[in-house]
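*Asks:* predicted model and sequence below, questions to follow.
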Amino acid sequence: MAMAPSLLQRRLIVVTGKGGVGKTTIAGAVGLLAASQGRRTLILDGSGASSRLRELFGADSHPDEDRPGEPAALAERLWSMSIEPDGALLEWMQELAGRAPARLLATKSSFQYFAAAAPGAKELVTMVKIFRLAGESSPYDLVVLDAPATGHALAMLDSPQTFASIARVGPVAAQAEAVRSMLTDPDRTGYLAVAQAGEMSVTETLELRAALAERIGVELSTVIVNATMHRRFTGEEMSRIESLRGQGPLSAQVRIGHAAAAAAQAAHERTRFQHGQLKRLRQAGLTVLQVPFLFQADLDLPALTRIAERLDGHI
Ligand SMILES: Nc1ncnc2c1ncn2[C@@H]1O[C@H](COP(=O)(O)OP(=O)(O)OP(=O)(O)O)[C@@H](O)[C@H]1O
Ligand SMILES: [Mg+2]
């Protein structure tokens, strides 16, 4: 059996995971890595993170690039764009029904009516748009989808199946089938989960993997465990702790010594616990990549570059 290509060689990488675990950060680093390897890459923002991405890349200073539905340049060969469900619906209706009725139909209330009448329709329209951006005739080689938090992401990904229960024939059914076949083709689409090394986050990641398999019929191969702590203090930190011991009166020395020991112990316990959580993922057969917690107030391009270097050769 032929091996699926590495994630970066595919057309679409879906970055999933719970809210706040670092999806946008990881999507940015993955995009940066792909672009550095020569692939024209679009990071698609499915959760309103475009301004956050531009901030990360220090590309925030171009207000005219702040148009939803329009790509904004982040770096060489790298762009971001937010997904606009209303805009996507208008485009979609224009194609299916012609210009005048489309304008008539694509009002907010008709959109809501349409979405309510046809479960999965809103998500499907969004997926059709993503399908095109990741398709053969797209100007991009790769789309990295910074997906919304798990529940909504799954609703987007299984919209072709959901919609198939309503429309089995016709142009919409054909589109749904095209989307479904892209999402389930390991040559074209890969799935990356972002998690943190906590018990809840790991349990949710295992549930996400099961849901992807059952509902979409795809395999989650790689989990990026973000913001993990180092296993031990560095030598430099240890010697700084050591040097503190020589200063001040004896009582202070003793107290500092105790405090340092307690801190070291706490850090050790924490990394041990994290290690156990990583093991749960590995034992479930998942490939686990660790991205360390970066000690800086705001992540920036050098920080993203570090994360990208960390992932290089592994995805
Ligand atoms: N490895 C890391 N080290 C330090 N801080 C990090 C790391 N990864 C992410 N962060 C910080 O954690 C916060 C959340 O990250 P991010 O916005 O990428 O998460 P998210 O999963 O996209 O969140 P949301 O679900 O809200 O979209 C940000 O402030 C980010 O700077
Ligand atoms: Mg985000």
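*Replies:* Perfect, thanks for sending it. Numbers count the residues shown, from 1 in each chain. Ligands and ions are numbered 1, 2, ... in the order given.
*Asks:* in stretch 290-300, what counts as buried?
*Replies:* 291, 299 (16 or more other Cβ atoms under 10 Å). Placement of C-beta: from N, CA and C, glycine included.
*Asks:* does it come close to ligand 2?
*Replies:* No - Stretch 290-300 does not reach ligand 2 (Cβ under 5 Å from the ion); its nearest approach is 12.1 Å.
*Asks:* point out where the chain drops to low pLDDT.
*Replies:* Low-confidence regions of the chain, defined here as pLDDT under 70, cover residues 1-2, 60-68, 97-117, 119, 167, 231-235, 238-250.
*Asks:* which bits of it sit near ligand 2?
*Replies:* 23-24, 49.
*Asks:* ok, which residues in the stretch 201-315 of the chain are in contact with ligand 1?
*Replies:* 226-227, 291, 293-294, 299 (Cβ under 6 Å from any ligand atom).
*Asks:* quick one, longest helix in the protein?
*Replies:* Ranked by number of residues, the top helix in the chain under DSSP state H is helix 250-283.
*Asks:* in that helix, what's buried?
*Replies:* Buried residues in helix 250-283 (16+ other Cβ under 10 Å): 256, 260, 267, 271, 274, 277-278, 280-281.
*Asks:* past it, which element shows up next along the chain?
*Replies:* Next along the chain after helix 250-283, taking DSSP states H and E as the criterion, comes strand 287-292.
*Asks:* excluding its own residues, what touches that next one? List them.
*Replies:* 22, 26, 29, 221-230, 278, 281-282, 307, 310-311, 314-315 (Cβ atoms under 8 Å, 6 or more residues apart in numbering).
*Asks:* the stretch 101-250 of the chain: helices as residue ranges?
*Replies:* 108-117, 121-133, 150-157, 159-164, 171-183, 199-211, 235-245, 250-283 (DSSP state H, counting those that start in this stretch).
*Asks:* just the element for residue 14, please.
*Replies:* Per DSSP H and E: strand 12-16 holds residue 14.
*Asks:* and the angle for that strand with helix 171-183?
*Replies:* 80 degrees (axes from the mean of the first three to the mean of the last three Cα atoms, to 10 degrees).
*Asks:* check the gap between residue 274 and residue 280 for me.
*Replies:* 11 Å (Cβ to Cβ, to the nearest Å).
*Asks:* go on, residue 59?
*Replies:* On the measure of Cβ to Cβ, residue 59 and residue 280 end up 38 Å apart.
*Asks:* dump the residue contacts of the residue of the stretch 101-250 of the chain found nearest ligand 2.
*Replies:* Per Cβ to the ion, residue 146 is where the stretch 101-250 of the chain lies closest to ligand 2, at 5.9 Å. Going by Cβ under 8 Å, 6+ apart, residue 146 touches 15, 23-24, 27, 43-47, 49, 53.
*Asks:* in the sheet, who's paired with it?
*Replies:* On the basis of DSSP bridges, residue 146 is bridged to residue 15, residue 45.
*Asks:* shift numbering so it begins at 621
*Replies:* Right, with 621 as the first residue, what we last looked at is residue 766.
*Asks:* which helices and strands sit right next to whichever strand or helix holds residue 716?
*Replies:* Element membership for residue 716, per DSSP H and E: helix 705-717. The helices and strands touching helix 705-717, judged by 3 or more Cβ pairs under 8 Å, 6 or more residues apart in numbering; DSSP states H and E, are helix 719-725, helix 728-737, helix 741-753.
*Asks:* rerun at 7 Å
*Replies:* The contact analysis (3 or more Cβ pairs under 7 Å, 6 or more residues apart in numbering; DSSP states H and E) places helix 705-717 against helix 719-725, helix 741-753.
*Asks:* alpha carbons only: can I get that helix in CSV?
*Replies:* What follows is helix 705-717, C-alpha atoms only, in CSV (Å, rounded to 0.1, in the frame of the first residue of the first chain):
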residue,chain,number,x,y,z
PRO,A,705,-20.1,32.5,5.1
ASP,A,706,-22.3,35.2,3.6
GLY,A,707,-19.9,36.1,0.8
ALA,A,708,-19.4,32.4,0.1
LEU,A,709,-23.2,31.9,-0.1
LEU,A,710,-23.6,34.8,-2.5
GLU,A,711,-20.9,33.4,-4.8
TRP,A,712,-22.4,30.0,-4.6
MET,A,713,-25.9,31.2,-5.4
GLN,A,714,-24.7,33.3,-8.3
GLU,A,715,-23.3,30.2,-9.9
LEU,A,716,-26.3,28.1,-9.3
ALA,A,717,-29.0,30.6,-10.0
